[in-house]
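*Asks:* Here is my input; please provide its structure:
(chains A and B)
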Amino acid sequence: LAKTTQPISMDSYEGQEVNITCSHNNIATNDYITWYQQFPSQGPRFIIQGYKTKVTNEVASLFIPADRKSSTLSLPRVSLSDTAVYYCLVALINDYKLSFGAGTTVTVRA
Amino acid sequence: GAVVSQHPSWVICKSGTSVKIECRSLDFQATTMFWYRQFPKQSLMLMATSNEGSKATYEQGVEKDKFLINHASLTLSTLTVTSAHPEDSSFYICSAMSRLLDNEQFFGPGTRLTVL
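*Replies:* Numbers count the residues shown, from 1 in each chain, chains lettered A, B, ... in the order given. Predicted coordinates for the structure are as follows:
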């Protein structure tokens, strides 16, 4: 499993865009990048997954450069309810054993 | 999306007792279920993988005799913490996966176990 490195925490204000970058220097050719969100005392929730370039859904965007050694989760116009821990995972698409790193605690302030 | 429930949401027990936690996939049949443990301010750690009708596969360092997993049906898996001790106090989270749902893992809300 590729090791990932994320910032421990990030602070933001309501309405701002939050970008969380995850480093995964030893990502393998067949690895996908997946981001999860976890609120306190709740289970994680899938946010977005991608392999290369850019992926966008109704919640976030995921930017992956050509070398795939990093990825950036972009949360547009955050609100207080986006305060959570965000995890970046790198694994094969059919690797069901998810390995969660330390995650990034995002705190959104009014 | 697919819903996974856990019961109870929290439990307090005395040291030495056993506690059973249920994980149910409410609107889909789960090919595989997973159990995680999360200590305060730490990340999730996979404990075991459970397939319906077969024995669970435990991760290294997880005592299978202490954490009994039963996956009796495609919608229910149970985790029993036997002879619980204060160091077993943690947040236990399950997830369920189905081939028919692109093998995405859907997580339950977690169960907070406190052992006195």
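*Asks:* what's whichever residue of chain B sits closest to chain A in contact with, if anything?
*Replies:* Nearest to chain A, among the residues of chain B, is B:Phe107, at 3.2 Å (Cβ to the nearest Cβ). Glycine gets a C-beta too; all of them are placed from N, C-alpha and C. Residues near B:Phe107 by Cβ atoms under 8 Å, 6 or more residues apart in numbering or on different chains: A:43-45, B:4, B:93-95.
*Asks:* What residues does A:Asn19 make contact with?
*Replies:* Contacts of A:Asn19 by Cβ under 8 Å, 6+ apart are A:72-75.
*Asks:* Run a quick neighbour tally on the closest residue to B:Gly53 other than its chain neighbours.
*Replies:* Spatial nearest neighbour of B:Gly53, excluding adjacent residues (Cβ to Cβ, 6 or more residues apart in numbering or on different chains): B:His71 at 7.0 Å. Per other Cβ atoms under 10 Å in any protein chain shown, the neighbour tally for B:His71 reads 23.
*Asks:* repeat for the one 4 residues further on
*Replies:* Using other Cβ under 10 Å, the number of residues around B:Thr75 comes to 18.
*Asks:* swap in B:Tyr36?
*Replies:* With other Cβ under 10 Å as criterion, B:Tyr36 counts 24.
*Asks:* and the gap between the residue of chain A found nearest chain B and A:Lys54?
*Replies:* Checking chain A residue by residue against chain B with Cβ to the nearest Cβ singles out A:Gly43 as nearest, at 3.2 Å. Distance of A:Gly43 to A:Lys54, computed by Cβ to Cβ, to the nearest Å: 28 Å.
*Asks:* Mind checking which of those two has more residues around it?
*Replies:* Per other Cβ under 10 Å, whichever of A:Gly43 and A:Lys54 has more neighbours is A:Gly43, with 23 against 11.
*Asks:* so that one touches B:Ser95, yeah?
*Replies:* Yes. Between A:Gly43 and B:Ser95 there is a contact under Cβ atoms under 8 Å: 7.1 Å.
*Asks:* what do those two both touch?
*Replies:* With Cβ under 8 Å, 6+ apart as the test, A:Gly43 and B:Ser95 both reach B:4, B:107-108.
*Asks:* got a list of what the residue lying closest to A:Val59 once chain neighbours are set aside touches?
*Replies:* In this structure, A:Val59 finds its nearest non-sequential neighbour in A:Ile47, 5.7 Å apart by Cβ to Cβ, 6+ apart. A:Ile47 makes contact with A:35-37, A:57, A:59-60, A:73, A:86, according to Cβ under 8 Å, 6+ apart.
*Asks:* so what's the backbone phi/psi at A:Ile47?
*Replies:* Taking degrees, to the nearest 10, you get phi -110, psi -60 for the backbone angles of A:Ile47.
*Asks:* Now list the buried members of the contacts of A:Ile47.
*Replies:* Using 16 or more other Cβ atoms under 10 Å in any protein chain shown as the burial test, these include A:35-37, A:60, A:73, A:86 as buried.
*Asks:* what's the most distant pair in those residues?
*Replies:* Spanning the widest gap among the buried ones among the contacts of A:Ile47 are A:Tyr36 and A:Ala60, at 11.2 Å by Cβ to Cβ.
*Asks:* Stretch B:10-25: end-to-end distance?
*Replies:* By Cα to Cα, to the nearest Å, the extent of stretch B:10-25 from end to end equals 19 Å.
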